[in-house]
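Trainee: Structure for the following, please:
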Amino acid sequence: MELKDFTEKEQEMIKQGLTTSEISDKETAAKILALVPQEWIKRIPFFVRKHATTRTIKRISIEHPELYAVAKRSGEIPEKEREELRQILTGIFQEKMNKHKIK
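Mentor: Have a look, this model is predicted:
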């Protein structure tokens, strides 16, 4: 995907710099993002990848604080919560990829 594939408004936002969320716990973010298939993350254009991933982690922490808290604990995420998070992440990424026509 190239810059020209985005709308003019999106191109202007990209040129200005996209917002990213400050993630205080990078270990938790890494555990959560590990649940997303890496080929999906690689399909996100490099210049919006950080925006997409940090905003997704922030969204998880706001919309599903109980799952975020479980992921924040030391050690592996328990199987039940890992599957719930995987389903939520899959839905979020599919929604975003469809919205931006990323195949």
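
Trainee: ok, now how distant is the residue nearest to residue 77 when sequence neighbours are not counted from residue 12?
Mentor: Counting by C-beta to C-beta, 6 or more residues apart in numbering, the nearest residue to residue 77 once its immediate chain neighbours are dropped is residue 71, at 5.3 Å. For glycine as for every other residue, the C-beta is placed from the backbone atoms N, C-alpha and C. Distance of residue 71 to residue 12, given as C-beta to C-beta, to the nearest Å: 35 Å.

Trainee: For the two, indicate the residue with more neighbours.
Mentor: residue 71 (25 against 10; other C-beta atoms under 10 Å).

Trainee: Tell me the spacing between that one and residue 28.
Mentor: 5 Å.

Trainee: and for those two, which residues touch both?
Mentor: Counting by C-beta atoms under 8 Å, 6 or more residues apart in numbering, no residue touches both residue 71 and residue 28.

Trainee: Who are the packing partners of the lengthiest helix in the chain?
Mentor: Secondary structure of the chain read by DSSP state H shows that its longest helix is helix 79-99. Using 3 or more C-beta pairs under 8 Å, 6 or more residues apart in numbering; DSSP states H and E, the elements in contact with helix 79-99 are helix 38-43, helix 46-63, helix 65-72.

Trainee: For this structure, give me the ranges with low pLDDT.
Mentor: 1, 3-4, 14-24 (pLDDT under 70).

Trainee: 50 instead, please
Mentor: Applying pLDDT under 50 to the chain flags the ranges 21.

Trainee: buried set for stretch 60-78?
Mentor: 60, 61, 64, 67, 68, 70, 71, 72, 77 (16 or more other C-beta atoms under 10 Å).

Trainee: swap in stretch 87-103?
Mentor: So, applying 16+ other C-beta under 10 Å, buried residues of stretch 87-103: 88, 89, 92, 93, 96, 100, 102.
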